[in-house]
Every structure is written in C-alpha cells, then in structure tokens.
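# What follows is a protein structure lacking sequence information:
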C-alpha cells in the first residue's frame, strides 16, 4: 500500500467545504492533509512557517482572496495550486497558466479523481512546466496574463497598468514589486514608471530633443530614461540570437 508523500493544505472559509475536500482526498493514499486555513492571511502565515506540496485554494475568501495569496507569496515557494470556486465564470481557460487545475463546487468524485491524477503527474515531474503569469481581475472574472503576451507595464498611482497589445489591465501592485517578479523573464526597467519586455521591442528611436523611445510590437512608444539607456541597450544585445 503506498505511503503518503505529498503534503496538502486546504484553504476555504467554509468549514463544510474544507471537510468535503478532506473526505475526497482520503482515498488517495499518496496525499495527506497537513493543515486547514479559513482565509488568505492564514494561508500566507502557514506557508511562511511550514511546507505544503499542494494547496487547494478557495478563490473567494475574506480580506485576501485566492488570487491575493498567489500574488503575495513567492512564486518559487508556492505549492501546486488547485483553485476552488462556486462560480463557473472563474473556470477560464487561462487558469491553467497559473494553477494545476480548478474545481467548481460542488465537486464530483470523478472530477476530483482527474485532478488528483493531474497533481500526481505534476508533482512527479512528468507534466510540462508552465510559464508564470500575472492574475488580473476583469468584469468577467479573473484572468491570467501570460508574460510572453505582455508588452509593457506602467505605474498608475497606487496601481500598475499591464499592457497586452493595445488592451490594458489594472493591477493593485507596485511597479517595484512587479519588477522583482518579472525581471528574470525578460523584462527591464526603462524608466522609473515603466517596465518593458525586451522581446516586444521593435526599434529604438531618438527624437529631436535627444529623448530615446522604445517602439513596441503594438506600436506603443515608451520613453527610456538617460540613466537606464545603457542597461536597455545591453539587454537588447543579449536578446539578439548569435
């Protein structure tokens, strides 16, 4: 009989929902529930002091929701996430860019078994790696923006505005925080108020007043500050295939 090797944390503000997930997990001997949380703050506190391999994460929780947990916890230390939701509107194709799976309540045993199979493949290293994304909230629900689709990000008061082509999305996160998350994925700071994805740069233009602007695939033009020009040019040179 297989022994438990994957540690599971359940986060849901409804006790009955947590109990239901626990019961659904019981037949899968390789998984063991090591903790339960009632809201996003408890999840973040738990993950800071202990380890989980899997996180069943309710989307709508008090104070900090499921997406807030994803944004605030270091991505390299985030367990494999399975989203839980009571609303079909959250079951977007884009969820797979960030989570192993999503489950719409109430969850059938067959659907849960498919999730556990997917988790086993992911944790066992046989699943394809997923590119990280940025989760934003829209009128239709949550959306995961893949980093390869983002052209640039600009500061907007207490928010950041994320540009995908000519469409933009507001995110309540500072540009400094976003820079720490995306710098290793081909983004560079070109101005105190702007980050761009190097692969989206089509050209550099020098204006008559000496200002340098990066022209992006969509046609957007982003100013490059004088003190960041050298770093920008180095990043472009590094990106060019040799």
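That came in fine, so what should we check first? Since we're looking at a predicted model, the values are computed, not measured.
# what about residue 191, how many neighbours?
For residue 191, the number of neighbouring residues by other Cβ atoms under 10 Å comes to 19. The C-beta positions use only the backbone N, C-alpha and C, and glycine is treated the same way.
# swap in the one 4 residues further on?
Other residues near residue 195 come to 22 when the count uses other Cβ under 10 Å.
# Model confidence for it, exactly?
For residue 195, the pLDDT comes out at 96.
# Look up how far residue 29 lies from the nearest residue to residue 99 once chain neighbours are set aside.
Counting by Cβ to Cβ, 6 or more residues apart in numbering, residue 81 is the residue found nearest to residue 99 once chain neighbours are left out, at 4.4 Å. Noted for residue 81: a distance of 22 Å to residue 29, by Cβ to Cβ, to the nearest Å.
# Looking at these two, which is more packed in?
When neighbours are counted by other Cβ under 10 Å, residue 81 and residue 29 differ, and residue 81 comes out ahead with 20 against 12.
# Would you agree that one is in contact with residue 100?
Yes: using Cβ atoms under 8 Å, residue 81 makes contact with residue 100 at a distance of 6.3 Å.
# Need the overlap of contacts for these two.
Residues touching both residue 81 and residue 100 (Cβ atoms under 8 Å, 6 or more residues apart in numbering): none.
# Show me which helix runs longest in this structure.
Using DSSP state H to define each element, the chain has its longest helix at helix 109-123.
# Outside of it itself, list whatever touches it.
Outside helix 109-123, the residues that touch it by Cβ under 8 Å, 6+ apart are 6, 24-25, 28, 30-31, 53-54, 80, 82, 100-101, 103, 127.
# Make CSV from those residues and add secondary structure, pLDDT and neighbour count to it.
Output for the contacts of helix 109-123, formatted as CSV (DSSP: H, G, I helix; E, B strand; the rest coil; pLDDT from 0 to 100; neighbours: other Cβ atoms under 10 Å):
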residue, secondary structure, pLDDT, neighbour count
6, strand, 93, 20
24, helix, 95, 19
25, helix, 96, 19
28, coil, 95, 19
30, coil, 93, 14
31, strand, 96, 21
53, coil, 94, 17
54, strand, 96, 25
80, strand, 91, 19
82, strand, 91, 22
100, coil, 82, 21
101, strand, 81, 20
103, strand, 80, 20
127, coil, 51, 14
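# quick one: pLDDT of the residue nearest to residue 99?
Looking at residue 81, the pLDDT reads 90.
# which regions of the protein lie under the pLDDT threshold?
Within the chain, the stretches with pLDDT under 70 are 1-4, 74-76, 87-98, 126-132, 140-142, 239-242.
# any idea what the residue of it most remote from its centre is structurally, helix, strand or coil?
What lies farthest from the middle of the chain is residue 208; by Cα atoms, centre = their mean that is 40.3 Å. Look at residue 208: counting by DSSP: H, G, I helix; E, B strand; the rest coil, its state is coil.
# how is the protein carved up into domains?
6-131, 150-239 (automatic domain parsing).
# Which of the ones you listed sits closest to residue 138?
Of all the domains of the chain, it is domain 150-239 that lies closest to residue 138, at 6.9 Å by Cβ to Cβ.
# Test my guess that residue 7 contacts residue 32.
Yes: with contact defined as Cβ under 8 Å, residue 7 counts as touching residue 32 (6.3 Å).
# what residues are up against the residue nearest to residue 99?
Contacts of residue 81 (Cβ under 8 Å, 6+ apart): 54-55, 57, 70, 98-100.
# Which of the helices or strands spans it?
strand 80-85 (DSSP states H and E).
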